Structure formats: C-alpha cells, structure tokens
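**Q** give me a 3D structure for the following:
(one chain, ligands or ions: 2)
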Amino acid sequence: MQDSQSRLAGGSAIVVARAASERPDTAEIERLADAAGYAVVDAVTQQRREDPGTWVGRGKAAELAERARELDADVVVFDGGLDPGQYADLVDLLPDGVEPVDRYRLVLDVFAEGTGDKRAALQVEAARLAYMLPRLRRITKVSQLSKAVEKGNPILDVEDRIDRIENELADVAELAAERREQRREAGQGLVAIAGYTNAGKTTLLHRLADDMRLDDADPEHADLTDSSPIEDRLFATLETVTRRGTLDGFGVCYTDTVGFVDALPHDLVESFSATIDEAAAADVTLLVVDATDDPERLREKVQTSIDAIGETEGPVVGVLNKIDAVPGDEDADDDSLGERRDVLADAVDDVVAVSALADDGIDALRDRVREALPTETATLSLTNDGDGQRTLSWLYDHASVDDVAYGEDVTVTVTARPSVLERVRAKTTDSR
Ligand SMILES: Nc1nc2c(ncn2[C@@H]2O[C@H](COP(=O)(O)OP(=O)(O)OP(=O)(O)O)[C@@H](O)[C@H]2O)c(=O)[nH]1
Ligand SMILES: [Mg+2]
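**A** Ligands and ions are numbered 1, 2, ... in the order given. This is a model prediction of the structure:
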C-alpha cells in the first residue's frame, strides 16, 4: 500500500474557505490538501456569498494572486466546487503556472494517486475525465491546456475514453455482485463497515476480523488482502477490503470501505460505487462515526453517509467509535456521549458505542451483528450412513453446528442462512 510520500501531488498550496453565514472552517480542506500531498502554506477565509464569476470575487482573487506570488505557491485550493467558467476565470487571474484546484479535484487527485484497485482506478479515471472535459473546453491559456492533457485531440479523446471506461466498469461491478452471491451461498454473513472518512473503519475491521491467512490470498477473491492502512489522515483506505471472521461458529466476511466526504458532485459519488454497493448489499451495514466530532458536525457526517449509501438490504447498526477520546459521562454537566448517541440513533436502526482502538464495547457490537445476521436455527435428521456423514461435514462448512446426537438417525441442530437450510433440507430425510 502506498505511504503518504508516494501519493504526493507535491507542491505548496494556499487553501481558501468561504461561507455565507457562519465563520468558515478550514480544518477539513487543509486535511484534504494534505492527503493529496500538498504542503499548506496559508489558509484564507472569506465570509460572503459565492461569486458567480470567480467564486471569491475579483478583489479577493487579486489578493490571492498576490499571496500566491509572495509565498511561491503552486496551487490555490478552493473549499467548494468551481464551475468551468469560474475555473477558467481563476486560471486567468492567478499568476502563470498557479492552478486553481477545487474540493472535487482534490479528492480525485487523492484517489488517482492512491488506488491500486482496478474498479476504483477506472471510476476515478472516468470521474476525472468527466470533470476535466467542460473545463478543458473553457480554458484559453495554452500553457494551462497543455498541462491538462498530454497529447492528441483532448476533447474527442476524453469522450471516447469515458465511454470505454463505463463499459469496463459494468463488467467489474457484475463480478463483485457475483462474489457476494458466492459468499452467501457458502453460508457466510456479509457485514459492511461504512462511514465518513477517518471515522475508524479500518481500525474496527482489524478488531472484528481474523488475521489474514495466506490461503485467503486467492486471485478469485482479489478483495481479500492484507493491505488496509490505519492512519490519522483522510482517505487512508482507497479500495474495499474484505476479511474473514467468525461469530458464534458462523462464518462472516467483513468488508472495509472507502470513507465518504461532504459536498461531492454526482460524478464523483459514482466513483464510490464499489463502496456503496458493498455497504448497501450487505446483510448488516455498520455505519461508523467519530464520537469526537461535535454533535452538529456528527449530524452532517451521518447524513452524508446515509445519503450516499441509500437503501440497504439489511439493518444499519450505528457504531459510535472513539468513545475513549470523548469527555466522560460521569461529569454531570457534560452528557456529550448521550447527545451524540441520540444524533446517530435518529438515523439508524440501533447504536453501539465502542472504542475500536481501546477494544471497548467490541463484544457488545459482535453480539449485535450476530443478532442482525439473517439466520435460522433448525433441527435436522440425517441418515446414519455415508450420505448422512457427507451432509454433516457439508454443514460444518456452511453453518454453525450447535448439537449432534447419534441414534438410529443423526439428529443435528444447526444455525445457518435460510438458503443454506433450504439446501440441506432438500438432502435430508426429515426436518422439523
Ligand atoms: N482515540 C481513538 N482513535 C481511534 C479509534 N479508532 C480509530 N482511531 C484513530 O482514527 C484514525 C483513523 O482511523 P482509521 O481506522 O484509519 O479510519 P478510517 O475510517 O478507516 O479512515 P479512512 O480509511 O481514511 O476513511 C487513526 O489515527 C486511528 O488510530 C478509537 O476508537 N479511538
Ligand atoms: Mg480506512
């Protein structure tokens, strides 16, 4: 997996945050710039409505140009989306060679540099091209245009490449869906770990799942990998990663996903489709949140995540993580955890408070996941012969065998996915 150095876009950045009403906060955009590999040399805020021409207004744009010259900055990062016209005007207003970069482009750059996963790479490329196309059409500065495209007829090439990528993507998504079905047929429970970037999803994956075994490294299941970095930076995880585990003797696949972030345009949200598919199609979706966020910010992040995931197949369990880092409940004036729990509970089916780092509350979470998995318990009667033995050993592979009693027949109590029980009933002489 890439470390932060190999992802560097390089260069120095001035970041600009603007808000109409409240005081703009540059914390998240600075962290995004950092994740994209920029050294942030200055943070500028502005309290006003968006300027349709230049986002910040001409006066401020001139100031930024001056500041970029003084600090010898390579890019100016705008905490929002620049439409093609704003982008082109800012290219004109900023000094030669200083590029305007908006929030979307920043996220695209992080992904473009960091992902090793084929589907994610294709999606990012498609999103990048779709993003660049209308902007290329507006740029008049030749120096800037040649920077954006290496060779050929930029616009035709771009349209062509988008088409080809979209076809390839449909195939890759189908493969992922088949893989989920295979796992279900093998009796495995599918648990997805989703949420805003940096909430602690990967840390939780490491807590819940078993360590990787070498025999898991199977090309048919390329998402089973050992590379899932935990870092205090945005978008440490850039592709979905699945690991196996057991709950009560029951096989489970835990899938860690790419974190969400606020205010991304539709194209880019599309590029999260691998993550969204895994999160929505799981038997249980864990929505992880960072309890150290203030309740208002927490509410926004929960909303962003819920909107991105959409309808889920199974229940959504809210995981209020990092409770070790929140001031304790024992302080009578500060029921901070309770308030955050309520914010999360408004949006999901159930809430469990944990510290993935300190291994606190994980057993309660496991119990909750176990309850939420779609399983049934049944007592089956197998013939006491070779056929019965074969069915029993198949059951050990596909279900949790709770009890076996040998008599004239073999009486087995098992817990399994309903589809597994159906298959075994078809093989057995009698079932209750
Ligand atoms: N205090 C505290 N920190 C935690 C906890 N869980 C995770 N962290 C820290 O939070 C940071 C992010 O953790 P990750 O597990 O990488 O988070 P993620 O959600 O996978 O992040 P992305 O992959 O970047 O979206 C790391 O510095 C972790 O050590 C926790 O329970 N308590
Ligand atoms: Mg992660």
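**Q** buried sites along the helix or strand hosting residue 123?
**A** With elements taken from DSSP states H and E, the one containing residue 123 is helix 118-138. Residues of helix 118-138 classed as buried by neighbour count (16 or more other Cβ atoms under 10 Å): 119-132, 135-136. (Each C-beta comes from the backbone N, C-alpha and C, glycine too.)
**Q** skipping adjacent residues, who's closest to residue 183 in space?
**A** residue 253 (5.4 Å; Cβ to Cβ, 6 or more residues apart in numbering).
**Q** the one you found and residue 380, how far apart?
**A** Distance, residue 253 to residue 380, using Cβ to Cβ, to the nearest Å: 25 Å.
**Q** before we move on, what about residue 308?
**A** 42 Å.
**Q** got the domain boundaries for this structure?
**A** 12-148, 176-372, 376-431 (automatic domain parsing).
**Q** nearest to residue 168 among the ones you listed would be which one?
**A** domain 12-148 (5.7 Å; Cβ to Cβ).
**Q** that closest one and ligand 2, are they touching?
**A** No: figure legend: domain 12-148 not in contact with ligand 2 (Cβ under 5 Å from the ion); closest approach 11.6 Å.
**Q** which bits of this protein sit near ligand 1?
**A** The interface of the chain toward ligand 1, taken as Cβ under 6 Å from any ligand atom, is made up of 197-203, 230-232, 234-237, 259, 321-322, 324-325, 355-357.
**Q** low pLDDT regions in the chain?
**A** Within the chain, the stretches with pLDDT under 70 are 1-9, 114-117, 139-157, 211-228, 265-271, 328-334, 429-432.
**Q** that one: strands as residue ranges?
**A** Here the chain has its strands, by DSSP state E, at 12-19, 39-47, 75-78, 99-102, 189-195, 241-247, 250-256, 284-290, 316-321, 350-353, 376-383, 400-406, 409-416, 430-431.
**Q** hang on, the earlier thing: between residue 308 and residue 380, who's got more neighbours?
**A** When residue 308 and residue 380 are compared for neighbours, residue 380 comes out ahead with 24 against 19, by other Cβ atoms under 10 Å.
**Q** quick one: the more buried one from residue 404, how far?
**A** Using Cβ to Cβ, residue 380 is found at 10 Å from residue 404.
**Q** residue 366 now?
**A** Taking Cβ to Cβ, one finds residue 366 at 25 Å from residue 404.
**Q** neighbour count: these two, which is higher?
**A** Higher neighbour count among residue 366 and residue 404: residue 366, with 17 against 14, using other Cβ under 10 Å.
**Q** which residue packs closest to residue 108, ignoring adjacent ones?
**A** Closest residue in space to residue 108, ignoring its immediate chain neighbours: residue 128 at 5.0 Å, by Cβ to Cβ, 6+ apart.
**Q** closest to residue 165 out of the domains of the chain?
**A** Nearest to residue 165, of all these, is domain 12-148, at 4.4 Å by Cβ to Cβ.
**Q** number of nearby residues for the closest residue to residue 427 other than its chain neighbours?
**A** Once flanking residues are discounted, residue 427 sits nearest to residue 391: 5.3 Å by Cβ to Cβ, 6+ apart. For residue 391, the neighbour count with other Cβ under 10 Å is 17.
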